[in-house]
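A.B. asks: Need a 3D model of the sequence below.
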Amino acid sequence: MGAVAVTLGGMAMGLIDRADEQLRLLMIEDDSAVAEMYRLRLEKDGYVVTISRTGEDGLRQAMAAAPDLIFLDLRLPGIDGMEVLSTLRGNPETAHIPVVILTNFGRPELVGRGLELGALDFLIKADTTPARLSESAGRWLEPAALSRRR
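C.D. replies: This next block holds a predicted model:
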């Protein structure tokens, strides 16, 4: 990925060399075609991507592997994405992991609830190309990459 300029609170913090680190992403998405479309671009851009097809499996993966970022669909078999997010935030081992909701359901009450539960962002799949998702992942991960270097 190369060196990335980092700013926090408007102050330049220098460059982070990502050549020696692979950022791990967990995508909790039951639609295999959608998951594969995003996975291909994310991996092309240097991320390591794990896909979970259910909320239960996503929680297991998050607790076992502590990914750097989670992309979370809301409509999942078994427990839904809001319950997954609530469980992640309620567990001290996973509460710190950044979560971005990536769904086809953008009703205002869902957006509000997701952000209230601690999601970093709420994206609609129809408006989110794989390239845009990959570019945004770098932005969401900058604070995490900086904190690992300290």
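
A.B. asks: how about the helices in this structure?
C.D. replies: For the chain, the helices defined by DSSP state H occupy 32-44, 55-65, 81-90, 108-116, 130-149.

A.B. asks: Give the rounded mean pLDDT of the last one.
C.D. replies: Mean pLDDT, helix 130-149: 73.

A.B. asks: same thing with the first one?
C.D. replies: The average pLDDT within helix 32-44 is 96.

A.B. asks: So which residues make contact with it?
C.D. replies: With C-beta atoms under 8 Å, 6 or more residues apart in numbering as the test, helix 32-44 has contacts from 25, 27, 29, 49, 51, 53, 71, 102, 125, 130-131, 133-134, 137. All C-beta spots, glycine's among them, are computed from the backbone N, C-alpha and C.

A.B. asks: Tell me which of the helices of the chain sits nearest to residue 98.
C.D. replies: helix 130-149 (5.5 Å; C-beta to C-beta).

A.B. asks: can you tell me how far the residue nearest to residue 97 when sequence neighbours are not counted sits from residue 108?
C.D. replies: Once flanking residues are discounted, residue 97 sits nearest to residue 70: 5.8 Å by C-beta to C-beta, 6 or more residues apart in numbering. Applying C-beta to C-beta, to the nearest Å, the value for residue 70 to residue 108 is 23 Å.

A.B. asks: between those two, who's got more neighbours?
C.D. replies: When neighbours are counted by other C-beta atoms under 10 Å, residue 70 and residue 108 differ, and residue 70 comes out ahead with 27 against 7.

A.B. asks: give me every residue that touches residue 94.
C.D. replies: 62, 63, 66, 87, 88.
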